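A.B. asks: Below are the sequence and a predicted model; questions follow.
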Amino acid sequence: MKIGLPLLVMIVALLGAAPGVRAQNPLELQIVGGETLDIGTSTSEIAITSDFTGADLTIFGALSNVDQLLLAIGQYDVVVTLEGPRDWTTVRRKERLFGIWVNRASMTFEQMPISYSLASTRPVEQIAADQQLTSLGVGIDHLALTPTGFISTAANLSEFREAFRRLKQSDGLYQRDTGGVRFVSSSLFKATLRLPANIPDGVHTVKAYLFKSGQFVTEKEQPLRVIKTGLEEMITQAAHERPIFYGLFAVALALLTGWAASLIFRKD
């Protein structure tokens, strides 16, 4: 059956007037709607001083265009992460050689976050499937640990990956709180992330992920600066910007300290 041009234009116009559908032109339609996510942090900058022992970072968020029924029965989940600056990381394995423990095997992973903190409404393994979490890089066990160089066996790769996660968690640089995100109203949530005392300085990234019924919906991110202040900042700048003078000063200070100690503690 042939449809005349006037009838075709009328059909497109009626579709464009339907709720949730907007016509960009007579031949292109776009679905309008879907959940959105917005976040904000309690501060945009963390200052590290000589007595810094860690801090708590609060993230506030708001959901829009959500299904109130699904929200009421707990079908929406939020995961909030704080990723530190990325760098190449080498994991070494010690072996006993002639009675001495030495580094024998090693593996380097590409551009991994130096620190990683996570908070969620519940354990991430209960929020979405492992494959989806791995594709998004959400969760300590789902970060992309990509090695460089030759890999002898898959067993070695798995062993070094587990060692990487274990060392990071034992140092307090990788941590998670499976109840760190909670809804304070029907569409507002609050998350708290613990920053360790040894958190690296640099630009960190706050990310929030929204899931509905186990499916990823959307994400939002914003930067967070961690800077050293006071004497720590001066020493760090001197070491990076003037390494030769910094080294000479360190040697001179060590000699002066040793000489002064010999005068104070010498026996007459």
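C.D. replies: The structure has been received and is ready for your questions.
A.B. asks: And the residue positioned nearest the centre of the chain, what's its pLDDT?
C.D. replies: The geometric centre of the chain, computed from its C-alpha atoms, lies nearest to Glu83 (CA atoms, centre = their mean), at 2.3 Å. The confidence metric pLDDT takes the value 95 at Glu83.
A.B. asks: Could you measure from Ser106 over to Phe245?
C.D. replies: When CB to CB, to the nearest Å is the yardstick, Ser106 and Phe245 sit 33 Å from each other. Every residue, glycine included, has its C-beta placed from N, CA and C.
A.B. asks: cool, and Val206?
C.D. replies: From Val206 to Phe245 the distance is 37 Å (CB to CB).
A.B. asks: Counting neighbours, go ahead and name the busier of these two.
C.D. replies: Under the neighbour definition other CB atoms under 10 Å, Val206 and Phe245 were set side by side, and Val206 has more, 22 against 11.
A.B. asks: you'd agree that one is up against Thr81?
C.D. replies: Yes. Counting by CB atoms under 8 Å, Thr81 is a contact partner of Val206 at 7.5 Å.
A.B. asks: give me the number of residues near Asp141?
C.D. replies: If we define neighbours as other CB under 10 Å, then Asp141 has 15 of them.
A.B. asks: Could you look up the SS state of it?
C.D. replies: Assigned state for Asp141: helix (three-state reduction, DSSP: H, G, I helix; E, B strand; the rest coil).
A.B. asks: So Thr205 belongs to a helix, correct?
C.D. replies: No. Judged by three-state DSSP, Thr205 forms no part of a helix; its state is strand.
A.B. asks: Now do the contacts for it.
C.D. replies: Residues in contact with Thr205, defined by CB atoms under 8 Å, 6 or more residues apart in numbering, are 82-83, 221-224.
A.B. asks: Which one (most neighbours) among those residues?
C.D. replies: Ranked by the number of neighbours (other CB under 10 Å), the contacts of Thr205 place Leu82 first, at 25 neighbours.
A.B. asks: nearest spatial neighbour of that one, skipping sequence neighbours?
C.D. replies: On the basis of CB to CB, 6 or more residues apart in numbering, the spatially nearest residue to Leu82 that is not a chain neighbour turns out to be Ser117, at 4.5 Å.
A.B. asks: Over to Trp88?
C.D. replies: For Trp88, the spatially nearest residue (CB to CB, 6+ apart) is Thr108, at 5.8 Å.
A.B. asks: Next: Asp130.
C.D. replies: His142 (7.0 Å).
A.B. asks: Now do that neighbour, the pLDDT please.
C.D. replies: His142 is given a pLDDT of 94.
A.B. asks: Same check on Gln175?
C.D. replies: Here, the pLDDT recorded for Gln175 equals 94.
A.B. asks: ok, now Arg92?
C.D. replies: Each residue has a pLDDT score; the one for Arg92 is 85.
A.B. asks: That one touches Ser106, doesn't it?
C.D. replies: Yes. Contact between Arg92 and Ser106 holds when scored by CB under 8 Å: they sit 4.4 Å apart.
A.B. asks: Show me where the stretch 51-200 of the chain has its strands.
C.D. replies: For the stretch 51-200 of the chain, the strands defined by DSSP state E, counting those that start in this stretch occupy 55-64, 76-83, 86-97, 100-113, 116-120, 174-177, 181-183, 188-195.
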